[in-house]
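Enquirer: got a predicted structure here, sequence first:
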Amino acid sequence: MIITELLAVLSISAAVGLRLALPLLLIGLLSGETLWNNVPLLSHIPPTIVVSVLVSWSLFELIISKDRPTRPLLQSFELFCSPFVGAIAGIAIARSVSLEGWMMGLVGPLGGLLAFVIQLVQVGWLYRNRYPKLWVLFLQDFLCVCLVLFAFDAPRQGGLIALLLLWLAIRMSAAWRRWYVSQAAAQDRKRPRQYKQNPD
C-alpha cells in the first residue's frame, strides 16, 4: 500500500530530523550488498569514501551533541543541511520499497520538510531552554536508530512515531509563540519585537 511506503518515508525523515549522518549510515548498512545504490548522490561516490565520511560524521555529531559550548554551532549547521539530507533519505527509502510514479516526486520535499521542522524545534529548544538534559540527548540517539529500523521493518509504527514527533513540534512551537507574545505589553501583542534591542 502507498500509505505504508509514505509512513516509511516519514520514519526515516524524522530520524534525519534528530541526527543527520547516522540515518544515512544505517541506510547503507541495512541495504546489504547494494549499500547506497538507492541513495541519490551517494550512489555515485565510492562506498569506501561514503563509509569513512559517514562514520566520522556520525561519531562527530554523537559526541559534539553532548558538548555544550559547540552544540549551537552543530545545531545551526544541521538545521541548514536537514532539508537536503531528509529529501535524500526519503527518496532512498522510497526506492528501496519500489515506490513509483508521481509519489516519487512527493517524498523528497515531504522528507526534507519533516526533517527541517524537527531540526528547527531542536534549535528553538536550545535557545529557549538553553541545554537539554543529557538523558534527553541519549534518548534522541536511541530514537533516531529505532526510527531507521522501523522504516525498514515496521514502517507503520515508525510513521506513527514520526507523526507524533511532528505533532509535538507543532504544539511546542505554538506554546513558545504564546510565551513570546505574552511578554509584550497588551497594546504591542501584534508586534512583540517592538522596542526590543536584545535577542530574546
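Expert: Nice, thanks for sending it over.

Enquirer: would you mind listing the buried residues in the helix or strand of the chain with the lowest mean pLDDT?
Expert: Ranked by mean pLDDT, DSSP states H and E, the helix or strand of the chain with the weakest confidence is helix 155-182, at a mean of 83. The neighbour-count check on helix 155-182 (16 or more other C-beta atoms under 10 Å) flags Pro155, Gln157, Gly158, Gly159, Ile161, Ala162, Leu165, Leu166, Ala169, Trp176 as buried. C-beta: built from backbone N, CA, C; applies to glycine.

Enquirer: distance to Ala21 added to these, as JSON lines?
Expert: Below are those laid out as JSON lines (distance: C-beta to C-beta, whole Å):
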{"residue": "Pro155", "distance to Ala21": "22"}
{"residue": "Gln157", "distance to Ala21": "24"}
{"residue": "Gly158", "distance to Ala21": "19"}
{"residue": "Gly159", "distance to Ala21": "22"}
{"residue": "Ile161", "distance to Ala21": "20"}
{"residue": "Ala162", "distance to Ala21": "19"}
{"residue": "Leu165", "distance to Ala21": "19"}
{"residue": "Leu166", "distance to Ala21": "22"}
{"residue": "Ala169", "distance to Ala21": "21"}
{"residue": "Trp176", "distance to Ala21": "28"}
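
Enquirer: what packs against the least confident helix or strand of the chain?
Expert: helix 2-18, helix 104-128, helix 134-153 (3 or more C-beta pairs under 8 Å, 6 or more residues apart in numbering; DSSP states H and E).

Enquirer: pLDDT weak spots in the chain?
Expert: By pLDDT under 70, the low-scoring segments of the chain are 1, 32-35, 101, 127-131, 179-200.

Enquirer: cutoff 80 now
Expert: The model of the chain has pLDDT under 80 over residues 1-2, 31-38, 64-72, 97-104, 124-134, 173-200.

Enquirer: who's in contact with stretch 67-78?
Expert: Stretch 67-78 has contacts (C-beta atoms under 8 Å, 6 or more residues apart in numbering) with Leu20, Glu61, Ile64, Ser65, Gln119, Gln122, Val123, Leu126, Tyr127, Tyr131.

Enquirer: what about 10 Å?
Expert: 16-21, 60-61, 63-65, 85, 115, 119-120, 122-127, 130-132, 137 (C-beta atoms under 10 Å, 6 or more residues apart in numbering).

Enquirer: can you list the buried residues in it?
Expert: The neighbour-count check on stretch 67-78 (16+ other C-beta under 10 Å) flags Arg71, Leu74, Gln75, Glu78 as buried.

Enquirer: check stretch 36-44 too.
Expert: Under 16+ other C-beta under 10 Å, the buried positions of stretch 36-44 are Trp36, Asn38, Val39, Pro40, Leu42.
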